[in-house]
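Trainee: Sequence first, then the predicted structure, then my questions.
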Amino acid sequence: GRSVDIENTGRGELTIQYQWGAPFMAGGWKVAKSHVVQRDETYHLQRPDNAFYHQRIVVINNGASR
């Protein structure tokens, strides 16, 4: 598999999603893992190698801290 460290250096929290999909599948991308990364936190994401499916990591900014 592959390892990715995602560090949140911003003021708000981030949502990290590991998604997979297949060209022949209807319905688009499916979320396999989701994690909220707090400010000044590092998240270690381990994902499998799989040549059969397309894979992507999506980072969503949840906004500034209050």
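Mentor: Received it, and whenever you're ready, just let me know what you need. All values reported here derive from a predicted model rather than from experimental measurement.
Trainee: what helix or strand does the residue nearest the centre of the chain sit in?
Mentor: In the chain, the centroid-proximal residue (C-alpha atoms, centre = their mean) is residue 17; its distance is 2.7 Å. Counting by DSSP states H and E, the element that carries residue 17 is strand 14-21.
Trainee: buried sites along that strand?
Mentor: Buried residues in strand 14-21, counted by 16 or more other C-beta atoms under 10 Å: 14, 16-20. The C-beta positions use only the backbone N, C-alpha and C, and glycine is treated the same way.
Trainee: Closest one of those residues to residue 47?
Mentor: Nearest to residue 47 out of those is residue 18 (C-beta to C-beta; 5.5 Å).
Trainee: if I look at the closest residue to that closest one other than its chain neighbours, how far off is residue 24?
Mentor: Excluding its sequence neighbours, the residue lying closest to residue 18 (C-beta to C-beta, 6 or more residues apart in numbering) is residue 33, at 4.2 Å. Counting by C-beta to C-beta, to the nearest Å, the gap from residue 33 to residue 24 is 23 Å.
Trainee: Can you pick out the residue with more neighbours from these two?
Mentor: Legend: neighbour count by other C-beta atoms under 10 Å for residue 33 and residue 24, higher for residue 33 (13 against 5).
Trainee: Could you grab the helix/strand/coil label for that one?
Mentor: strand (DSSP: H, G, I helix; E, B strand; the rest coil).
Trainee: Quick check: it touching residue 20?
Mentor: No: Residue 33 lies out of contact with residue 20 (C-beta atoms under 8 Å); the separation is 9.7 Å.
Trainee: Find the nearest non-adjacent residue to residue 19, please.
Mentor: residue 29 (4.3 Å).
Trainee: Parallel or antiparallel, which strands does the helix or strand encompassing residue 4 pair with?
Mentor: Assigned by DSSP H and E, residue 4 belongs to strand 2-7. When sheet partners are counted by DSSP bridges, strand 2-7 sits next to strand 42-47 (antiparallel).
Trainee: Please export the C-alpha coordinates of the partner strand as PDB.
Mentor: Taking C-alpha atoms only, strand 42-47 is exported to PDB below (Å, rounded to 0.1, in the frame of the first residue of the first chain):
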ATOM      1  CA  THR A  42      -1.200  15.100  11.500                       C
ATOM      2  CA  TYR A  43      -3.200  12.200  10.100                       C
ATOM      3  CA  HIS A  44      -1.500   9.100   8.700                       C
ATOM      4  CA  LEU A  45      -3.500   7.600   5.900                       C
ATOM      5  CA  GLN A  46      -2.600   4.100   4.700                       C
ATOM      6  CA  ARG A  47      -4.300   3.100   1.500                       C
END
